[in-house]
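Engineer: Any chance you could fold what I've pasted below:
(3 chains)
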Amino acid sequence: MLVTKQESDRLKKGLVTLLDRLSENKTISYLIYLASVIFFFGIILLPSLLGVLLKIGVVQEVFQNTELFEKSISAVFSSILLATLVSVLDVAAGLPLAWLIAKKRYKWISFIDYLTDLPMIIPTVILGYSALMLWCEEAPFSILGFPRISPGFLTVLLLHFSFSYPVVVRVLVGKLMELDATYEIAARVLGASSFTTARTVSIPMIKSGIIASLILSFARSLSETGATIMVAGSFENGPVFIKRSIDAGLVSPMVFVSLMLIFLSVLILLGLRLFGLSLRIPFRRAYRIELVLSSEKVVYARDVLTILVFILFIFIPSSYIVIARLPLVARPDLIKQVFLGEGIWASYWSSVINSYVIGLLATLINVLFSLPMAIIISRRRLGRTFSRILDALSNVSIIMPSVALGVSIGLFWGSSGIPDFFLVLLAHLCITYPYMVATMVSALEDLPVELEEAGRTLGGTPFKVFRSITLPVAKYSFLSGAILTFTRSVNETGATLAVSKTFKTVSVLLVEWVKSPVMRVESGMGTLILMLLSLIFLIVFKYIYSKGGGMVA
Amino acid sequence: MPNVKVEKVTKKFGDFTALEDINLSINDGEYVSIIGPSGCGKTTLLRIIAGIIRDYEGHVYVNGELFDDKPLEKRGIGYVFQNIALFPNMNVGGNVSYSPRAKGFNSDMIRSMTLEMLELMKLTERYYDYPIRLSGGMQQKTALARALASGAKLLLLDEPLSLLDLKVRTELRYELRRIVKDLGLTAIHVTHDQEEAMAISDRIIVMRKARIVEEGTPLSLYLRPKKIFTSYFLGESNVLEGKVMEADDRFLKIDVGSIILKAKNTGFQEGEKVVVMIRPEFIQLANDGVEGVVKKKTMEGLFTRLIVDIKDLKITVKQPYWRVHNIDVYSMVKLEFPEEHILVYEYPERGLYSEISLY
Amino acid sequence: MPRVVLENVKKSFNGIVALEDINISFENGEYACVLGPTGSGKTTLLKVIAGLVKPDYGEVYIDNKRVTNIPPEARNAVYMHQQYALFPHLTVGENISFGLLARGVRKEDAMRKTLEVLEIVKLRQWADAYPHELSGGMQQRVALARCLATGAKLLLLDEPLSALDARLRLEVRNELARIAEELDLTVIHVTHDQSEAMSLADKLILLRNGRIVQAGPPEEVYLKPNSIFTAYFVGESILLDGVIRRINGDTAFIELRNGMTIETFCDESFKEGDLAVVAVRCEDVIIGEGPLMGLLKEISFLGSFSKIIFELPGGLKMSVNIPLTDFIKSDLRVGMALQLAIPKERTRLFKYPAIGIAKEVEAV
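Structural biologist: Residues are numbered from 1 along each chain as shown, chains lettered A, B, ... in the order given. Below you'll find the model as predicted:
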C-alpha cells in the first residue's frame, strides 16, 4: 500500500473541503451548467435531428420511384397504425391491472406486481424470440384451440403489446398510488358506486398519467426494431423497412422514412398532449349500468379477466423461451462450450461485453452530464423560460423512433471516420439521455425544497447541502434511473443496427442468430444466458426500488 | 331523523389499538363534538360510523338500523374532510351537484338541490370557479355544500376547520352550527381544538388513548370535570399536587406546598394525597389573600396573563386586561382562590404525568 | 449581536406583489411576531431575512452589516420551516449536529453541543432515533434543537406551532418563550394566530397584502388599532358604519344604519357628513345599562369567556364577549331584552373604506 488509510482519508477530506470552497464560486457552477448544456445540444439533440435534416435532398429519389414511394408510405402508415393500436390496447388492459395492484385488493397481487416488471427488464429481442416460438413455431396454445399464427402484423402486435404493457402498468400504478384516497372516499360517501367513482373522479384525476402512458407505449412501439424483425415475416413497418434499406444500401428511402416517422410522431404526440389535457369526460349523472358494473360479481369477473390477459399475453410470451429452450440446451457439452467460449461463443461473449461496456459508459456519461441538467431544469437555475425549453427539448428523443434516431446519428457522424464503437456509444447516449434526465428531474422535484433550505440556513454551502442532503435522500431514485438507462442501452437494437453494420451488441447478435434457421440451439442458449443476466439486474433493481420507496415513505 | 348508536366498538391496526370498547349514543338533532389529542382514535371512530373503515368489532346503528354491513355509498351520510378534498377536475357547481348526479336523480332535481345549497352557503356567484381559485374558507364551505346536497341528515365532520387560518376558522364555526341547527341535522364533529368544540357543541365527548374519558355539556365539562385529563385538556389549569391536612363534612384544607387551599369536600380523608386543579381565570386579585410576586405579565387580548410566584409555587392567573391594568411586573399581589372553583382529585396510581400527558 | 433592519424591501413573484415598502427593524434580544392572514407575505418576509429569497429591491442588514447579497449559510441566522424539514435520512443526533459540522466545528465538540441542546428540549434519549419515529410534537422540538445547536443568535420561526394540536400548542408556546429568554435570542416568529402572537411578542408586526399595517407592542396594537384591519384581525371588534351627523369639539355623533346614534371621540380629519366606521372591542360593550336595546339571540361558551350575540333594532347584530367569571354570576338567557352601552372612551373612529368593510377586512 502506497497510501495509508489515514492519508487517503486526509486526501478525501481535503478534496471535499476544496469542492465545498469551489462550490461557493458562482463561476464554477455556471461553467458546469454550461458544459451540460453544450453536451445536450452538441451530442444529444443536434446530431439526432441534423443528420437526416441535412440529407433532406436525397428524398427526391423516393418521389421519383413510385414503387419505392408506395412501399415507404405503407411502412410509415403501418408503424403509426401499429403504435396507435398498441397504445390503446395497453391502456385498456393495463389500467385494470394497475388498479388491482394499486388498491392491493388481493394479498397475492404483489407477486403479480413483481412479474409485470419481467418484460421491462429482459431485452426485447428475447421477448421477440419467445413470442415467435409461442405464437408461430411451436404454438403450444393450439391444444386450447388457438390457431398457429404465421409471422406478420398480428404477431408484431402481440409482441409490442407485451413489451410496452409493463411500462404502462408501472406509470399508472405510480399515478394511482399518488392519488389521495380521500377523493375516492368523498365520492363514495356522496353516494357514487365504485364504477361511477372511477369514471368521474379517479380516472380524470390520473389523466396526465394516462396520456403519459399512451405517449410512452406509442413511442416504444414506433422505436422497437430487433424483436420486430424477428416476428415480422413479410410485414413491414418503419423500422423493419429502414433495416432492410440499410441492408440493401439504400440511403434515400431510409432518410425519407426516418423523416416521416420523426415528423409524424412529434405531430401526433404533441396533438395528444395538447388535446388530451383539455379533454374532459362529462358527468351528467350515474347510470344504472354502473351499479351493475360495480357489483362484486362483475368486479370479480373483471379481475379474473385482467389477470388472465396478463398471464396469456404478457407473462407466458415473455417466459415461454425458458420452457421451450431449456430442455434443448441443457447439455453438458454445450454448456462447457459456452463457458469456455469456444467457436461461435467467443463472438457471443464479446458481444455481451460490448453491450455491457456500452451500457456502462452510456450510463456513466449520462449521469455526469444529466445531473447538472436536471438541476437546471428542476431548480430553474437558468431562468424559468430557458429551463422550461430545456425540459421540453430533453424529452424529444423519447418520442423519436430509435431507428430514425440511429439513422440520423449515423449520417451526422458517419463521414467523420469515428470508429463504430463510438458511433454506437453516441447513439446509445442519445437514446438513454432523456430517461436519465427525466428520472433525475422528478427525483429532485419530489425532494421537498425545504430540506435544502434548512441545510443552507443551518450553515451548509450549496455543495455541502447537495452532497449530504440532496444526494442521500434522492440516491435511490438516481440509482433506479441509472439502472433503467443501463437496461435500455443493453436492450437497444434499432439505432445500433442503423449506425453500424459491424459492431455487434448482444441484442443485435441474437437477432441475427434467430433469423438464421440453422442456429436454433445456439440462439436458444444465447437467449437464456442473457435472460439470466437480466434477471440478476431485475433483482438488484427491485431491491433498490423498494429501498427508495421506503425512504420516500 | 337520524340518531346514532355505537356499541362496543373496538378497532385494532396490527398491534396498535385505535379504539377500545367505545359505547355512545347521539340523539336526533344533536351537535356533538369528539375531542382529544392526535392519535386518540377520534377520526377512526368517525370513519367507522361513515363506513370508510369496515372491519371492526362491535356495532353501529343509525336510526336503529344496523349499519355494519351497509356499503358507504348507501349510508346517506354527509362527510366533510380535513383536507377538504374538493374534486379538482370539477368546478364549484360540479362538486356540489356530484351527489345528486351520482345517485342518478333527474336533471331538475339535480339543479334545484345544487342551487339550494349554493344559496344557503352564499356561493351561487362562484358556480363556475374551480376549487383552486377559492380561498381555504370558501373551499370548505363548498365542501359542506357538497356534503349537504346529498340530502344527508347526518353530518360527519373530520377536523373541518383545522387547516384554515384562525380568523376564518372562528367565523366559519358559527356558520357551521347555524346551518346544522337551521336544517335540523345531526352532526358529529371531530376536532383537537377545545375552544372550537365548546363554542359549537351541545355535547362534548373527550377521548384519550382509544377510550372515551368523559362526556357532557361544554359548561359542565369546563366547570366540573370528573377527570383530571378533562380538566387539563379542556382549557388551562394550574395543576398542583397536595395532601389533605384537614377534612370535615363540608371542607378540606389542602397543603399544596407553599400555600394551604380550602376546597369543598367531595369525599376525601385526612392525609390523602390529591391533585388540585384551578383554572387561571378563577383566581382573583383581592385585598387580602396569599401574597405573591408578579414575575411576568403578558397581554393576550381580552385577558392578561400573570405569572405569580408564591414562594416556590408558580401560579398562572388570567384576568380581563382592564382589571390588571395598573399592576406591574415584580409588584406584590394578593391572590384569592375561590373554594367553589377548586377541583380536587384522587392522586392517580400511575403518577400525575401519565394522567395528563397528551400521548 | 443581532439587530435586523429591512429597508424599502420589495418582492414580487410572477408579477404578484408579496412584499411592498417594508421598513422595519428588529432589536437585539427582541421576540417579534409577524402576524397576518394567509398570503399576506409573512413567510416571504422571513425568507428574505434568512437569505432564502432575494428581494427585488431594498436592503437587509444584520448586525449593522449589509447582507442583501450574502447567501443564507453565511448570515448567522437560522430558519425553521413550518413542516420542520428534518432530514429523513439522518438520526435526531445527526440532524442536530449537521449545522455544527457544516460550520466547521470539530466532531467531538459537535457531539457535546448536540447532547447539550437535546437536554434543553428534553429529548436526550432519542438521539439515535430517525425523525419518522417521533411524534409531531417531538419533531418540532428536534427542529428547534437543530436551530439552537448552531449557536446562531437570530432565530427565524415560520409558523412553528401550527402543525401541533391546540392543547400542545399552548404547552410548546410557553416552552418557546422560556428558551428564547434563557438563551437570550432574537426571535422573529411568523404566525396567523393572533392570540399566539400577542402572548409571545415583545413587538407585533401586522402584515396585509405585503405591507406592514401596524407595528408595536401587543398592548398598543390591541388597545390603539390604527386601522379597521387591525381592529378586526387582532382580537375581536364590532365594526359599525354610519354617517357623522354632528361634531361637537372632540366628540362625533354617528348615526348608524339602523338609525341609532352613538358617540365617539374624533380628530379634525373628520367632517360632518362623512361616512365612518366605529370600532369597539367585543369585551368593551356594557350589558345591563345604557341607551341601546338589544335582544339576546345566542350564547356560546368558549371556556374562559362567553360570546353573546345581541340583535338590535334594524337587524343589527352585535357580538359581546364576557369573561366566564362574570358570565356565571349573571343570569343571561336567550330571549332576554337588555340595555347596552358602548363607552365613548373605548371606541375608535375610522374613515369608511372605499372598498367597503367586508372587502377591507377580508385579507388578500
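
Engineer: got the residues of chain A near chain B?
Structural biologist: The interface of chain A toward chain B, taken as Cβ under 8 Å from any Cβ of the partner chain, is made up of A:180, A:182-183, A:185-193, A:196, A:200-201, A:204-205, A:207, A:280, A:283-288. All C-beta atoms are positioned from the backbone trio N, CA, C, and that covers glycine.

Engineer: same question, the stretch 151-300 of chain C
Structural biologist: Going by Cβ under 8 Å from any Cβ, the residues of the stretch 151-300 of chain C near chain B are C:165-168, C:170, C:192-195, C:198-200, C:218-219, C:222, C:233-236, C:281-283, C:300.

Engineer: Pairing partners for the helix or strand residue B:319 falls within, with directions?
Structural biologist: Here residue B:319, judged by DSSP states H and E, is contained in strand B:313-320. Sheet pairing of strand B:313-320 (DSSP bridges) gives strand B:303-310 (antiparallel).

Engineer: A helix includes residue C:277, no?
Structural biologist: No: counting by DSSP: H, G, I helix; E, B strand; the rest coil, residue C:277 is not part of a helix but strand.

Engineer: Specify the beta-bridge partners of it.
Structural biologist: residue C:241, residue C:350.

Engineer: Look at it and report its pLDDT.
Structural biologist: Residue C:277 is assigned a predicted lDDT (pLDDT) of 95.

Engineer: contacting residues around it?
Structural biologist: C:228, C:239, C:240, C:241, C:349, C:350, C:351, C:352, C:353, C:357 (Cβ atoms under 8 Å, 6 or more residues apart in numbering or on different chains).

Engineer: quick one: it and residue C:241, what's the gap?
Structural biologist: 5 Å (Cβ to Cβ, to the nearest Å).

Engineer: any residues in contact with both of the two?
Structural biologist: With Cβ under 8 Å, 6+ apart as the test, residue C:277 and residue C:241 both reach C:352, C:357.

Engineer: how about stretch C:50-62, does it reach chain A?
Structural biologist: Yes: applying Cβ under 8 Å from any Cβ, one finds stretch C:50-62 in contact with chain A at C:50, C:51, C:52.

Engineer: Among those residues, which ones are in helices?
Structural biologist: Counted as lying in helices by DSSP state H, out of the residues of stretch C:50-62 next to chain A, are residue C:50.

Engineer: So residue C:184: helix, strand or coil?
Structural biologist: coil.

Engineer: how much space is there between it and chain B?
Structural biologist: 16 Å (Cβ to the nearest Cβ, to the nearest Å).

Engineer: per-residue pLDDT, that residue?
Structural biologist: pLDDT at residue C:184 comes out at 91.

Engineer: Mind listing residues that contact the helix or strand harbouring residue C:155?
Structural biologist: According to DSSP H and E, residue C:155 maps onto strand C:154-158. Contact with strand C:154-158 is made by A:457, C:2, C:4, C:43, C:46, C:49-50, C:62, C:76-82, C:147-148, C:176, C:180, C:185-190, as judged by Cβ under 8 Å, 6+ apart.

Engineer: from the residues you listed, which ones fall inside helices?
Structural biologist: A:457, C:43, C:46, C:49, C:50, C:147, C:148, C:176, C:180.

Engineer: Can you give me the neighbour number for the closest residue to chain C within the stretch 51-200 of chain A?
Structural biologist: Closest contact between the stretch 51-200 of chain A and chain C, by Cβ to the nearest Cβ, is at residue A:180 (17.1 Å). The tally of other residues near residue A:180 (other Cβ atoms under 10 Å in any protein chain shown) stands at 12.

Engineer: Domains of chain C: list them as residue ranges, please.
Structural biologist: Using automatic domain parsing, the domains assigned to chain C come out as C:4-229, C:237-281+C:344-364, C:285-341.

Engineer: Determine how far stretch A:487-497 lies from the middle of the whole chain.
Structural biologist: 10 Å (Cα atoms, centre = their mean, to the nearest Å).

Engineer: how far does it stretch from start to finish?
Structural biologist: Separation of the first and last residues of stretch A:487-497 by Cα to Cα, to the nearest Å is 17 Å.

Engineer: Give the partner strands of the helix or strand hosting residue C:58 in its sheet and their orientations.
Structural biologist: If you go by DSSP H and E, residue C:58 is part of strand C:57-62. If you go by DSSP bridges, strand C:57-62 pairs up with strand C:4-13 (antiparallel), strand C:65-66 (antiparallel).

Engineer: among the residues of the stretch 151-300 of chain C next to chain B, which are in helices?
Structural biologist: Those of those lying in helices (DSSP H): C:166-168, C:170, C:194-195, C:198-200, C:218-219, C:222, C:233.

Engineer: Quick check: residue C:25 touching residue C:5?
Structural biologist: Yes: judged on Cβ atoms under 8 Å, residue C:25 makes contact with residue C:5 at a distance of 4.5 Å.

Engineer: For the helix or strand harbouring residue B:243, could you pull out the residues that count as buried?
Structural biologist: Using DSSP H and E, residue B:243 maps to strand B:238-247. Neighbour-count burial for strand B:238-247 flags B:238, B:239, B:240, B:242, B:244, B:247 (criterion: 16 or more other Cβ atoms under 10 Å in any protein chain shown).

Engineer: what's the distance between the third one and residue B:358?
Structural biologist: So that's residue B:240. 19 Å.

Engineer: per-residue confidence at the nearest residue to residue A:85 once chain neighbours are set aside?
Structural biologist: Leaving aside its chain neighbours, residue A:85 sits nearest to residue A:157 (6.3 Å; criterion: Cβ to Cβ, 6 or more residues apart in numbering or on different chains). Confidence at residue A:157, expressed as pLDDT, is 94.

Engineer: before we move on, what about residue C:123?
Structural biologist: Reported pLDDT for residue C:123: 89.

Engineer: In this structure it contacts residue C:140, no?
Structural biologist: No: the criterion here is Cβ under 8 Å, and residue C:123 misses it with residue C:140 at 10.6 Å.

Engineer: quick revisit: ok, so of the buried residues of strand B:238-247, who is nearest chain A?
Structural biologist: residue B:239 (35.6 Å).

Engineer: rewinding a little: rebuild the contacts of residue C:277 as JSON lines, extending it with pLDDT and neighbour count.
Structural biologist: As requested, the contacts of residue C:277 are exported to JSON lines (pLDDT from 0 to 100; neighbours: other Cβ atoms under 10 Å in any protein chain shown):
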{"residue": "C:228", "pLDDT": "95", "neighbour count": "22"}
{"residue": "C:239", "pLDDT": "94", "neighbour count": "16"}
{"residue": "C:240", "pLDDT": "94", "neighbour count": "23"}
{"residue": "C:241", "pLDDT": "93", "neighbour count": "17"}
{"residue": "C:349", "pLDDT": "95", "neighbour count": "18"}
{"residue": "C:350", "pLDDT": "95", "neighbour count": "21"}
{"residue": "C:351", "pLDDT": "94", "neighbour count": "13"}
{"residue": "C:352", "pLDDT": "94", "neighbour count": "17"}
{"residue": "C:353", "pLDDT": "92", "neighbour count": "17"}
{"residue": "C:357", "pLDDT": "88", "neighbour count": "16"}
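
Engineer: Flag the shaky bits of the stretch 51-200 of chain B, pLDDT-wise.
Structural biologist: For the stretch 51-200 of chain B, not a single residue meets the criterion pLDDT under 70.

Engineer: Tell me what angle the helix or strand that comes right after the strand holding residue B:243 forms with strand B:238-247.
Structural biologist: Next helix or strand after strand B:238-247 toward the C-terminus (DSSP H and E): strand B:251-255. Computed by axes from the mean of the first three to the mean of the last three Cα atoms, to 10 degrees, the angle separating strand B:251-255 from strand B:238-247 equals 120 degrees.

Engineer: Nothing else from me, thank you.
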